[in-house]
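here are the coordinates; sequence isn't available:
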């Protein structure tokens, strides 16, 4: 459920945070960033799940997890985040991530996929990160020069009998 997921996330954020200077009672300063894209497919989560014994909050998409594990390999039934064994019957639906995707799934499809979850249980979509001091034209030029620097010269050798 949504409320249970909120409670678990609050415990997680508070357990993952070390406060060095406790002069303020500001819970908004304590936060954790989650992604609403699947780490397997890098697409917006459809059905957000994680293992019931996983110690993290980050979810994966159910269909991608099942598809990835349908192929026999040494990595079968492993959580891609914590590497623990997770069978299909141990997967739990996360109401918190489900609500985040419902609200911000369209933004995730456009590349804005980071959610800041605060210790008080509130959460917001993080603003898009922009490069400071570089215009779009300058960024395009620097990207083009980086690509040209990576290109290697190809030498053709013709062998004759």
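Yes, it's here. Owing to the predicted nature of the structure, the values given are computational and were not obtained by experimental measurement.

who's residue 92 bridged to?
Beta-bridge pairing of residue 92 under DSSP bridges involves residue 50.

who's in contact with it?
49, 50, 51, 52 (C-beta atoms under 8 Å, 6 or more residues apart in numbering). In this view, the C-beta of every residue, glycine as well, is placed from N, C-alpha and C.

and of these, the nearest to residue 87?
residue 51 (8.4 Å; C-beta to C-beta).

quick check: the closest one touching residue 91?
Yes: counting by C-beta atoms under 8 Å, residue 51 does reach residue 91; the two are 6.4 Å apart.

any chance you could map the helices in the protein?
Taking DSSP state H to define them, one finds helices in the chain at 2-16, 62-68, 95-109, 136-150.

so what pLDDT did residue 24 get?
What the model reports for residue 24 is a pLDDT of 53.

now residue 114: closest residue in space, sequence neighbours ignored.
residue 126 (4.3 Å; C-beta to C-beta, 6 or more residues apart in numbering).

lowest confidence element among the helices and strands of this protein?
helix 136-150 (a mean of 47; mean pLDDT, DSSP states H and E).

mind checking how far residue 45 is from residue 119?
Distance of residue 45 to residue 119, computed by C-beta to C-beta, to the nearest Å: 23 Å.

also residue 127?
In this view, residue 127 and residue 119 are 20 Å apart by C-beta to C-beta.

so residue 45 and residue 119 - more neighbours on which side?
residue 45 (25 against 20; other C-beta atoms under 10 Å).

what does the more buried one show for phi and psi?
Reported as degrees, to the nearest 10, the phi and psi values for residue 45 are phi -60, psi 140.

list only buried entries from the contacts of residue 92.
Listed as buried from the contacts of residue 92 are 49, 50, 51; burial here means 16 or more other C-beta atoms under 10 Å.

distance to residue 111 and pLDDT added to those, as CSV?
Conversion of these to CSV gives the following (distance: C-beta to C-beta, whole Å; pLDDT from 0 to 100):
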residue, distance to residue 111, pLDDT
49, 23, 96
50, 23, 94
51, 27, 94
